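> sequence plus predicted model, see below.
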Amino acid sequence: MEDTKVLIIEDEPDVVEMLKRAFARGGGFAVSSANDGAAGLRKAREEMPKIIILDLMLPRMSGLEICRALKADSLTRDILVLMLTAKAEEVDRIVGFELGADDYVTKPFSPRELVLRTKAILRRADTPDEGQSFVAGPLTIDAARHRVEVSGRPVHLTMLEFKLLHALMQRRGRTQNRDKLLTDVWGYESAIDTRTVDTHVRRLREKLGKAGAAIETVRGFGYRLREE
Ligand code: CA
């Protein structure tokens, strides 16, 4: 099997070196890097990596701008993005901005964990949709077409939001704990940060408007989609 192309866009040389070593140990990756935003975007377009490890704060062009540019271009839209952030407070911004980052890691991080996360994202991207459709009240989800509608109006969801809603609809009425959602939706082998689930559920509810109330919080446990 061919090595998976990874592009690291990061201005701190120490972090780049640390990541390169971790990916080399992880096996099966061909890694290149860029140390400013503009060079990173150019390299992304030239090299067409499978995934980009993208620092948020970069000289010449921020990680947010790069993400936006990649997702706006049909050629680069499918490149996966793992965002690196310096502060936990930035996480809500990243999720909220809907930039289509596939995951994020807060600095300082363990390089080994970052490689595991990368593998989880790659696995998730390679999992074909089950092709099932579900209807729950005003909500309709069509997995094959990747479409969600509320009362017949399409709602735009990120891939993670879509998978999250799909998991809840598929197991309607049954409570899903956060660890299980992290395993099934995010593809993590162990629960790393269950706050991720809360952030995405909040965002998903907002996007679904009134229909979002069907996603119930089960205190101290997780979430479920209400049965009528
Ligand atoms: Ca930086």
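On my side now, so go ahead.

> could you use CA atoms for every contact and neighbour count after this?
Noted.

> what sits against Thr76?
Ala44, Arg45, Met48, Leu70 (Cα atoms under 8 Å, 6 or more residues apart in numbering).

> tell me which of these is nearest to the ion?
Nearest to the ion, judged by Cα to the ion, of those is Ala44 at 17.6 Å.

> what sits closest to that closest one if chain neighbours are left out?
Closest residue in space to Ala44, ignoring its immediate chain neighbours: Leu7 at 7.1 Å, by Cα to Cα, 6 or more residues apart in numbering.

> what's across from that neighbour in the sheet?
Beta-bridge partners for Leu7, by DSSP bridges, are Ser32, Ile52.

> which helix or which strand is home to His166?
Per DSSP states H and E: His166 is located in helix 159-170.

> what of Ser74?
Using DSSP H and E, Ser74 maps to neither a helix nor a strand.

> report pLDDT for it.
pLDDT, Ser74: 82.

> rewinding a little: if you rank the contacts of Thr76 by neighbours, which is first?
Greatest neighbour count in the contacts of Thr76, by other Cα atoms under 10 Å, goes to Ala44: 25 neighbours.

> list the contacts of that one.
Ala44 sits next to Leu7, Ile52, Thr76 when contact means Cα under 8 Å, 6+ apart.

> report the contact partners of the nearest residue to Ala86 once chain neighbours are set aside.
With sequence-adjacent residues excluded and distances taken as Cα to Cα, 6+ apart, Ala86 is closest to Lys107, at 4.9 Å. Neighbouring residues of Lys107 by Cα under 8 Å, 6+ apart: Leu84, Thr85, Ala86, Lys87.
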